[in-house]
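# Got a sequence here, can you build the structure:
(chains A and B)
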Amino acid sequence: MKRRLELTVNDECLDVEIEPHRTLLEVLREELGFTGAKEGCGLGACGACTVLVDGAPVLSCLTLALEVQGKTVTTVEGLVKNGQPDPVQKAFVDHGAIQCGFCTPGSVMSAKALLEKNSNPSGQEIREALAGNLCRCTGYQKIIEAVGSLAKPR
Amino acid sequence: MMRLPKMDYAAPPTLSEVCVLMSEQQEKAELLAGGTDLLPACKLRNKQPTLLVSLGKIPSLKDIRFDESEGLRIGAMTSLNALRYDPLAIAHYPALIEAAAAVGTTQLQHMGTLGGNICLDTRCTYYNQSESWRQTRAVCLKMGGEVCHVVPKGNKCYAVFSGDMAPVLLALDARLKLASSAGERSLRLSEFYSGDGRKPLLIRPGEILEAVIVPPPAGKESSAYLKYRVRGAIDFPLAGVAVRLAATADGLCRDCSVAITAVSSAPVQVPEAADLLKGKSVTAELINKAAQETSRAAHPVANAFGATPSYRRKMIGILTRRTLTSLAQNLGMAVR
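Numbering: from 1, shown residues only, chains lettered A, B, ... in the order given. Sure, this is the predicted structure:
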């Protein structure tokens, strides 16, 4: 039997009727049209499906959609403000931290969560925060440089 | 898209309602905490419950409080990330922080809970596979069949317990508080594991892990956890060692506790190693002996990717030596 799910996605209050076994990733991609988050492994090891739930980076492929009832979800689409990319997105572009682009939405969301909590992360903190986002193209160096360029000394 | 099987979902607002529901549903229902262990198992059809009962609507399960006499009481739904940055845990139990920080990835630490990590299902290269992969072989013991592909002549399931929090909590002599519709009970963590890979927990049907209680540190003591795995993140341990060490005023070992994980179907304490040090001056020679004893207590089998059983067993000894040496130095005990 379908259930009603109310949630906020990228500052927009939405409600949707879903079957209880659907994951947040399925609902975002297939019911609500937010295709930024990707399915990589589907089992929690790759981070391609990373979105923010109440500001925390979580794996939407392992989150039951009904568990985010009433919560606030931010996907990569929600980072664009007034048609302008978020500084994290801009840094990824400027540093060539994107090749095929499949891991990018997840990596950007992990970086965003880190910088919201810690405006001046060390190289080690950046590596640790992004360790859950596998990238098969870049070799990580450019991603780490992109995030490092946003670190602001206090 | 890798899909979950059709399941119903309930999220009762109180623990007593969860208890009633779980005792009515018995084996048909699974408790949903962080979901990082359960939902992959459902996607791979290792488990096919008809109902998921969420603990997410009960805020009291996320409480952490410290009391000089009881110690640290941590609600079972406390996320590993919340525990990792909890000032009380940081102040008193460094090994808890090291273990929480060693679990999976940042995302998994935000989702995964302390209770979930304690109740982690055992793992095996022949079990944690897709349904189609498993169908190429006879059904194994853990899936309800009659054979073991790891120890072909064995008549028990050797699936390995791979939690990082349990060895630390064993070394710290933690207790669990379990709730059920019949009432509450409390038991030592060491009494919680069966050692049977098929059904690793000695939890009764309808019982729910409510909180973990870690005794207060007594005097000069510290703890540490070291984990061996292939990559610096994501992976489950291939070997893990937790140690609690306490010093007397004149620098002797007052008390010691050693526990290991990821080398058998349950996390286990190694009193043979800890007893070697008690009351003694901690020397490099004594640490080596304790490391050998710990290694002897490890019985890994070939059911995890990344290292051979003999290498994992050696690593247990090496990690024991490293944890003991650094703890003894931090506590100002002479290591000669």
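# separation between the residue of chain B most remote from its centre and B:Lys280?
Largest separation from the mean C-alpha position in chain B: B:Asp250, at 33.9 Å (Cα atoms, centre = their mean). Using Cβ to Cβ, to the nearest Å, B:Asp250 is found at 12 Å from B:Lys280. In this view, the C-beta of every residue, glycine as well, is placed from N, C-alpha and C.
# what do you get for B:Leu170?
For B:Leu170, the distance to B:Lys280 - Cβ to Cβ - is 22 Å.
# ok so the residue farthest from the centre of chain B is a helix residue?
No. Under the criterion used here (DSSP: H, G, I helix; E, B strand; the rest coil), B:Asp250 is coil, not part of a helix.
# Can you tell me the closest non-neighbouring residue to the residue in the stretch 151-300 of chain B that chain A sits nearest to?
Taking Cβ to the nearest Cβ as the measure, the point where the stretch 151-300 of chain B comes nearest chain A is B:Ala233, at 3.5 Å. The shortest distance from B:Ala233 to any non-neighbouring residue, by Cβ to Cβ, 6 or more residues apart in numbering or on different chains, is to A:Ala131 (3.5 Å).
# Just the helices from the chain, written as ranges.
As the question left the chain open, I've gone with chain A. For chain A, the helices defined by DSSP state H cover A:24-26, A:87-94, A:104-117, A:123-129, A:141-148.
# meant chain B, my bad for not saying
Taking DSSP H as the test, the helices found in chain B are B:15-25, B:38-43, B:80-84, B:87-92, B:94-102, B:106-111, B:114-118, B:131-134, B:165-171, B:271-277, B:284-296, B:309-330.
# Kindly report the residues of chain A close to chain B.
For chain A, the contact set with chain B under Cβ under 8 Å from any Cβ of the partner chain comprises A:1, A:3, A:19-23, A:25-26, A:29-30, A:39, A:42-45, A:47, A:50, A:56-59, A:61-64, A:66-67, A:69, A:110, A:113-114, A:128-129, A:131-132.
# So how do I select the buried members of those in ChimeraX?
Buried residues among those (16 or more other Cβ atoms under 10 Å in any protein chain shown), as a ChimeraX selection:
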select /A:19,20,21,22,23,25,26,29,39,42,43,44,45,47,50,56,57,58,59,61,62,63,64,66,67,69,110,113,114,128,129,131,132
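# And for B:Pro5, the neighbour number?
Residues lying near B:Pro5 (other Cβ atoms under 10 Å in any protein chain shown) number 12.
# Which pLDDT value goes with residue 88?
No chain was given, so I picked chain A. pLDDT recorded at A:Val88 is 98.
# Not quite, go with chain B.
93.
# Can you tell me which of the helices of chain A is nearest to B:Thr308?
helix A:123-129 (28.6 Å; Cβ to Cβ).
# any idea how chain A splits into domains?
A:3-75, A:87-148 (automatic domain parsing).
# ok now stretch B:296-305, how far from the chain's centre?
16 Å (Cα atoms, centre = their mean, to the nearest Å).
# cool, and stretch B:294-306?
Taking mean C-alpha positions (Cα atoms, centre = their mean), stretch B:294-306 and its chain are 16 Å apart.
# Could you list the buried residues of it?
B:Thr294, B:Ser295, B:Ala297, B:Ala298, B:Pro300, B:Val301, B:Ala302, B:Asn303, B:Ala304.
# Fine by me, thanks again.
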